[in-house]
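Engineer: sequence below, structure please.
(one chain, ligands or ions: 1)
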Amino acid sequence: MNKKKLATVWLGGCSGCHMSLLDIDERILDVAKLADIVKSPVVDGKEMPPVDIALVEGAITSDEHYREIVHIRKQAKTLIAFGDCAVMTNVTGMRNYFHLKDVFDTAYVNAISNDKEGKVPDHPSLLKLNEKVVPLQEVVKVDFVIPGCPPDADAIFYVLFEFLNDRFPNLSKAKKLKYG
Ligand code: SF4
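Structural biologist: Sure thing, here's the model as predicted:
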């Protein structure tokens with residue numbers, strides 16, 4: 001079997017899902033036998049080449065994330081929403097209960113940690129936050145979801161291993177493997 005290409009991407013999330021990915025420990029060697037990790041926060045791949053599988057952590061919070069997820073969708077045969085922020089916005093979406101201006105003011109202008117007058121950063125190179133955070137499936141088609149905050153390392157490995165062996169995962173089986 002030809003080696004597959006795998007990407008893991010971090011959008012609007014806390015990186016906890018990627019920490020859980022690292023918790024697959026030595027099983028990363030089983031993944032490495034079947035796939036090259038061509039883009040990820042844990043490798044030095046900046047571009048998003050065509051891949052067989054993309055694990056995407058985090059929700060869509062900004063213009064930049066929107067462009068990224070549309071590009072990832074074009075490049076990935078299988079796009080997996082990786083963790084609850086990607087699946088349903090979760091922690092990242094907590095700001096949806098407030099107006100964006102109030103969110104900025106709370107963080108930058110009225111923060112009690114400010115030692116002088118606060119100012120909302122404004123620079124052309126900064127991403128522009130959208131008024132509302134949305135999950136991946138509101139922007140692109142998602143082929144599979146791995147729920148959890150963060151997802152369980154055993155579930156992550158199971159899903160990856162199944163896709164890398166051209167099988168469609170059944171998460172209830174992963175739970176049975178773990179809990180008997
Ligand atoms: S699902 Fe949880 S661990 Fe993953 S990015 Fe969101 S808050 Fe962090």
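
Engineer: how close does the residue nearest in space to the middle of the chain sit to the ligand?
Structural biologist: In the chain, the residue lying closest to the centroid (C-alpha atoms, centre = their mean) is E57, at 0.8 Å. Relative to the ligand, E57 is positioned 5 Å away (C-beta to the nearest ligand atom, to the nearest Å). C-beta here means a position set from N, CA and C on the backbone, and glycine is covered the same way.

Engineer: identify the residues contacting that residue.
Structural biologist: T8, V9, W10, L11, G13, S15, C17, H18, F82, G83, C85, A86 (C-beta atoms under 8 Å, 6 or more residues apart in numbering).

Engineer: what of S15?
Structural biologist: S15 neighbours (C-beta under 8 Å, 6+ apart): P41, E57.

Engineer: that older thread, against the ligand, which of the contacts of E57 make the cut? List them.
Structural biologist: With C-beta under 6 Å from any ligand atom as the criterion, those include G13, C17, G83, C85 near the ligand.

Engineer: inside helices: which ones of the contacts of E57?
Structural biologist: Counting by DSSP state H, the part of these found in helices is C17, H18, C85, A86.

Engineer: now pLDDT, neighbour count and distance to K77 too, for these, in JSON lines please.
Structural biologist: What follows is these, written out as JSON lines (pLDDT from 0 to 100; neighbours: other C-beta atoms under 10 Å; distance: C-beta to C-beta, whole Å):
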{"residue": "C17", "pLDDT": "98", "neighbour count": "25", "distance to K77": "21"}
{"residue": "H18", "pLDDT": "97", "neighbour count": "23", "distance to K77": "21"}
{"residue": "C85", "pLDDT": "98", "neighbour count": "29", "distance to K77": "23"}
{"residue": "A86", "pLDDT": "98", "neighbour count": "32", "distance to K77": "18"}
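
Engineer: on that earlier part again, next up, phi/psi of the residue nearest to the centre of the chain, please.
Structural biologist: Main-chain torsions, E57, degrees, to the nearest 10: phi -90, psi 140.

Engineer: kindly state the pLDDT recorded for N96?
Structural biologist: Listed pLDDT for N96 reads 98.

Engineer: tally of neighbours for F144?
Structural biologist: By other C-beta atoms under 10 Å, the residues close to F144 number 17.

Engineer: which residues touch it?
Structural biologist: Taking C-beta under 8 Å, 6+ apart, we find F144 in contact with T78, L79, I80, A81, V159, F163, P169.
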